[in-house]
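Student: A predicted structure for the sequence below; I have some questions about it.
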Amino acid sequence: MKLHEYILFGLIGLSASTAGAVCGIGGGVIIKPLLDAFGLLSVEAISFLSGCTVLAMACFSVLKSISGGDSSVDRTTGTPLA
(Lines give C-alpha, C1' and ligand atoms only; values in the text may rest on other atoms or scores of the structure.)
Protein backbone atom coordinates (compact mmCIF):
# COMPACT_ATOMS: atom_id res chain seq x y z
CA MET A 1 0.00 0.00 0.00
CA LYS A 2 1.10 3.51 -0.68
CA LEU A 3 1.47 6.40 1.73
CA HIS A 4 -1.49 8.31 0.35
CA GLU A 5 -3.73 5.28 1.04
CA TYR A 6 -2.64 5.22 4.69
CA ILE A 7 -3.33 8.94 4.95
CA LEU A 8 -6.75 8.45 3.34
CA PHE A 9 -7.64 5.65 5.77
CA GLY A 10 -6.48 7.75 8.73
CA LEU A 11 -8.53 10.73 7.63
CA ILE A 12 -11.62 8.58 7.09
CA GLY A 13 -11.19 7.01 10.54
CA LEU A 14 -10.65 10.35 12.26
CA SER A 15 -13.54 12.09 10.54
CA ALA A 16 -15.88 9.14 11.10
CA SER A 17 -14.97 8.95 14.79
CA THR A 18 -15.52 12.69 15.18
CA ALA A 19 -18.83 12.65 13.32
CA GLY A 20 -19.90 9.55 15.24
CA ALA A 21 -19.16 11.22 18.56
CA VAL A 22 -21.02 14.40 17.60
CA CYS A 23 -24.06 12.55 16.19
CA GLY A 24 -24.12 9.84 18.83
CA ILE A 25 -23.65 6.97 16.39
CA GLY A 26 -20.76 4.57 16.04
CA GLY A 27 -17.96 5.54 13.70
CA GLY A 28 -18.14 2.11 12.07
CA VAL A 29 -21.45 3.06 10.48
CA ILE A 30 -19.56 5.68 8.47
CA ILE A 31 -16.19 3.95 8.03
CA LYS A 32 -17.31 0.70 6.40
CA PRO A 33 -19.36 2.22 3.55
CA LEU A 34 -16.69 4.81 2.80
CA LEU A 35 -13.89 2.28 2.60
CA ASP A 36 -16.09 -0.04 0.54
CA ALA A 37 -16.71 2.81 -1.90
CA PHE A 38 -12.98 3.21 -2.55
CA GLY A 39 -12.58 -0.53 -3.19
CA LEU A 40 -8.93 -0.65 -2.17
CA LEU A 41 -9.22 -3.45 0.41
CA SER A 42 -11.09 -6.70 0.87
CA VAL A 43 -14.28 -6.83 2.90
CA GLU A 44 -12.49 -8.69 5.70
CA ALA A 45 -9.77 -6.04 5.96
CA ILE A 46 -12.32 -3.22 5.95
CA SER A 47 -14.35 -4.92 8.69
CA PHE A 48 -11.18 -5.38 10.77
CA LEU A 49 -10.14 -1.72 10.36
CA SER A 50 -13.64 -0.53 11.19
CA GLY A 51 -13.75 -2.70 14.30
CA CYS A 52 -10.32 -1.52 15.47
CA THR A 53 -11.30 2.12 15.01
CA VAL A 54 -14.55 1.71 16.94
CA LEU A 55 -12.75 -0.20 19.71
CA ALA A 56 -10.10 2.52 20.01
CA MET A 57 -12.80 5.19 20.15
CA ALA A 58 -14.66 3.28 22.88
CA CYS A 59 -11.47 2.79 24.93
CA PHE A 60 -10.62 6.47 24.62
CA SER A 61 -14.11 7.43 25.73
CA VAL A 62 -14.01 5.15 28.78
CA LEU A 63 -10.51 6.30 29.81
CA LYS A 64 -11.50 9.94 29.40
CA SER A 65 -14.58 9.37 31.52
CA ILE A 66 -12.59 7.61 34.25
CA SER A 67 -9.84 10.23 34.32
CA GLY A 68 -12.43 13.02 34.48
CA GLY A 69 -14.00 11.47 37.56
CA ASP A 70 -17.49 11.27 36.08
CA SER A 71 -17.50 7.54 35.43
CA SER A 72 -20.67 5.72 36.39
CA VAL A 73 -19.20 2.31 35.55
CA ASP A 74 -19.28 -0.18 38.41
CA ARG A 75 -15.92 -1.90 38.06
CA THR A 76 -16.99 -5.06 39.89
CA THR A 77 -19.76 -5.64 37.33
CA GLY A 78 -18.20 -3.99 34.31
CA THR A 79 -14.84 -5.79 34.32
CA PRO A 80 -16.23 -9.32 33.86
CA LEU A 81 -18.64 -8.06 31.20
CA ALA A 82 -15.84 -6.39 29.27
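Tutor: Okay, I see it.
Student: Need the three-state assignment for P80.
Tutor: Classification of P80 using DSSP: H, G, I helix; E, B strand; the rest coil returns helix.
Student: To clarify, my last question referred to L41.
Tutor: Going by three-state DSSP: L41 is coil.
Student: Which parts of stretch 8-25 count as buried, going by neighbours?
Tutor: L8, F9, I12, G13, A16, S17, G20 (16 or more other Cβ atoms under 10 Å). In short, each C-beta sits where N, CA and C put it, glycine included.
Student: Looking at those residues, which is nearest A37?
Tutor: I12 (10.0 Å; Cβ to Cβ).
Student: Please name the nearest non-neighbouring residue to the residue most central in space within the chain.
Tutor: The centre of the chain sits closest to V54, judged by Cα atoms, centre = their mean, with a distance of 2.2 Å. Spatial nearest neighbour of V54, chain neighbours left out: G28 (4.5 Å); criterion: Cβ to Cβ, 6 or more residues apart in numbering.
Student: swap in S15?
Tutor: Using Cβ to Cβ, 6+ apart, the closest residue to S15 is I30 (7.8 Å).
Student: Please apply the same query to G51.
Tutor: G28 (6.9 Å).
Student: Ok, F9 next?
Tutor: Of all residues not flanking F9 in the chain, L49 sits nearest, at 6.8 Å (Cβ to Cβ, 6+ apart).
Student: Thank you kindly, that will do.
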